[in-house]
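Predicted model, plus sequence, below.
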Amino acid sequence: MDRIKVFDARLEYGRKFLQSETECSLSDYMRLADADEAVVISNELFWLPPQRSIDIVNERTASAPGAWGVYLLLPALAGEMLSVETLAVGFAEHRIAGFTLGNEQYGVPCHPLMLRDELSACETLHIPLFYHRSGALSFEFLCAIMEKHPRLIVVLSVDEEWPNARKVYPLMKAYDNIHLCLSEHVWMGAVDDLARLFGAHRLLYSSSFPRRYSGGTVLMIQNADISQAEKNAIFYGNMKRLAGGVRP
């Protein structure tokens, strides 16, 4: 079987709070995850001073061909972060795929009003928001965001498996711009069902490496009753389109 080319929509890397530096370079890490390209969520985003985390993300994307970073999204009025419009100017240079949230870690209330200007800018500039649902962050918060910003592109990953279809399917139906990472949706027929209901163009290969093993997701996509063109889009094309669609 020929090797499958993948663009991993969620790969976690870096130093966690009070832990030592990783011994593996990002390029080696991507090889372990078997990813040609990957959106890398740096652990430092959630505990270092926000501006310092930007430097780390930029250094990592520069050191690893095929790596795409994300920045933290915080209220720019507080002075910790530059505006979305200012940061977006450097997205192409630093291979930045979008923003992610750190509401829990930085004590920002889970209400769209707190990030109204930032989310509006992301919506206008076609900047994806990588939303990882875990802990206090909820689907209610995501629904509130989408009601206020219906054209916002969201890459959704969920920290639980079956029966999350009860929660995810209504979201996918209600909001056309939600794209789903598949690493937490490994059950028989999931890809067939999701592609039939919402379109293969909204499904993204992801590994959530190293928390999860990517083999199950690969087999699930490979064995799905969809066309090879749709499988190729899920493995690589869809994330490439989203990451390359930012228009500062």
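Done, it's in. Numbers count the residues shown, from 1 in each chain.

So which elements touch the helix or strand of the chain with the lowest mean pLDDT?
Lowest on mean pLDDT, DSSP states H and E among the helices and strands of the chain sits helix 215-222, with a mean of 85. Contacts defined by 3 or more Cβ pairs under 8 Å, 6 or more residues apart in numbering; DSSP states H and E place helix 215-222 against helix 190-198. Heads up, the C-betas are built off the backbone N, CA and C, glycines and all.

Return the list of helices and strands in contact with the helix it packs on.
Under the contact criterion of 3+ Cβ pairs under 8 Å, 6+ apart, helix 190-198 touches helix 165-174, strand 203-204, helix 215-222.

returning to what we had before: convert the least confident helix or strand of the chain to CSV, retaining C-alpha atoms only.
Extracted C-alpha coordinates of helix 215-222, given in CSV (Å, rounded to 0.1, in the frame of the first residue of the first chain):
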residue,chain,number,x,y,z
GLY,A,215,-3.9,4.3,13.3
GLY,A,216,-7.6,4.0,14.1
THR,A,217,-8.4,7.3,12.4
VAL,A,218,-6.5,6.3,9.3
LEU,A,219,-8.2,2.9,9.0
MET,A,220,-11.6,4.5,9.6
ILE,A,221,-11.1,6.9,6.7
GLN,A,222,-9.6,4.3,4.4
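
which residues sit against that helix?
4, 6, 182-183, 186-187, 190-191, 205-207, 231, 234-235 (Cβ atoms under 8 Å, 6 or more residues apart in numbering).

Give me the residues contacting the next helix or strand after that helix.
For helix 215-222, the following helix or strand on the C-terminal side (DSSP states H and E) is helix 228-232. Residues from elsewhere that reach helix 228-232, judged by Cβ under 8 Å, 6+ apart: A195, A200, I221, Q222, A224.

I'd like the distance between the residue nearest the centre of the chain and I178.
Closest to where the C-alpha atoms of the chain average out (Cα atoms, centre = their mean) is F130, at 3.7 Å. Distance, F130 to I178, using Cβ to Cβ, to the nearest Å: 12 Å.

just the helices and strands packed on helix 190-198: most buried one?
strand 203-204 (a mean of 28; mean count of other Cβ atoms under 10 Å).

before we move on, back to that, where's the dip in pLDDT among the contacts of helix 215-222?
Lowest pLDDT within those is found at V186 (69).

so who does I234 touch?
L182, V191, A200, L203, L204, Y205, I221.

and which of the residues you listed is nearest R31?
When the contacts of I234 are ranked by distance to R31 (Cβ to Cβ), Y205 comes first, at 16.4 Å.

show me what contacts the spatially closest residue to K16 that is not a sequence neighbour?
Of all residues not flanking K16 in the chain, N43 sits nearest, at 4.8 Å (Cβ to Cβ, 6 or more residues apart in numbering). Neighbour list for N43: E12, Y13, G14, R15, K16 [criterion: Cβ under 8 Å, 6+ apart].

that older thread, could the contacts of helix 215-222 go into a markdown table alongside distance to D117 and secondary structure?
Converted to a markdown table, these look like this (distance: Cβ to Cβ, whole Å; DSSP: H, G, I helix; E, B strand; the rest coil):
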| residue | distance to D117 | secondary structure |
| --- | --- | --- |
| I4 | 40 | coil |
| V6 | 35 | coil |
| L182 | 32 | coil |
| S183 | 32 | coil |
| V186 | 38 | coil |
| W187 | 39 | coil |
| A190 | 37 | helix |
| V191 | 37 | helix |
| Y205 | 32 | coil |
| S206 | 29 | coil |
| S207 | 33 | coil |
| K231 | 39 | helix |
| I234 | 33 | helix |
| F235 | 35 | helix |
